[in-house]
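**Q** coordinates only, sequence not included:
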């Protein structure tokens, strides 16, 4: 497995110093782990990109009539397991 690329991020404990990030924190924090997942934190230098990524994720998981919610969740689970992600 290849190593993860390094991307500068704003640490979770500094999000409150940035009004745009602070307003997004409650939407993107992983409440079960008490931190923002790396896939979301990579957008912390560009809060508009973070909001767009969150919107895309929520839209994909809300879905359309093609797949039921349980099917979308199962696909997400399998992809996460394959990628060795905890979420």
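**A** Received, thanks. All values derive from a computational prediction rather than experimental measurement.
**Q** make it CA atoms for all contacts and neighbour counts henceforth
**A** Fine.
**Q** and residue 19, what pLDDT?
**A** pLDDT recorded at residue 19 is 92.
**Q** sorry, that was for residue 3
**A** pLDDT recorded at residue 3 is 60.
**Q** what do you get for residue 8?
**A** Residue 8 is assigned 90 on the pLDDT scale.
**Q** Phi, psi for it please.
**A** With angles defined as degrees, to the nearest 10, residue 8 sits at phi -60, psi 140.
**Q** ditto for residue 63
**A** Main-chain dihedrals, residue 63, degrees, to the nearest 10: phi 70, psi -170.
**Q** ok, so what distance separates it from residue 51?
**A** Residue 63 is 18 Å from residue 51, where distance means C-alpha to C-alpha, to the nearest Å.
**Q** what sits up against the lengthiest helix in the chain?
**A** What stands out as the longest helix in the chain, according to DSSP state H, is helix 47-62. Helix 47-62 has contacts (C-alpha atoms under 8 Å, 6 or more residues apart in numbering) with 20-21, 24, 27-28, 40-41, 43-44, 69, 72-73.
**Q** Show the buried residues in those.
**A** Neighbour counting over the contacts of helix 47-62 (16 or more other C-alpha atoms under 10 Å) leaves 20-21, 24, 28, 40-41, 43-44 as the buried ones.
**Q** Of all pairs in the residues you listed, which one spans the longest distance?
**A** 20 and 40 (14.2 Å; C-alpha to C-alpha).
**Q** Out of the buried ones among the contacts of helix 47-62, which sit inside helices?
**A** Per DSSP H, the subset of the buried ones among the contacts of helix 47-62 in helices is 20-21, 24, 28, 40-41.
**Q** tally of neighbours for residue 50?
**A** 22 (other C-alpha atoms under 10 Å).
**Q** so where's this protein uncertain?
**A** 1-5, 86-87 (pLDDT under 70).
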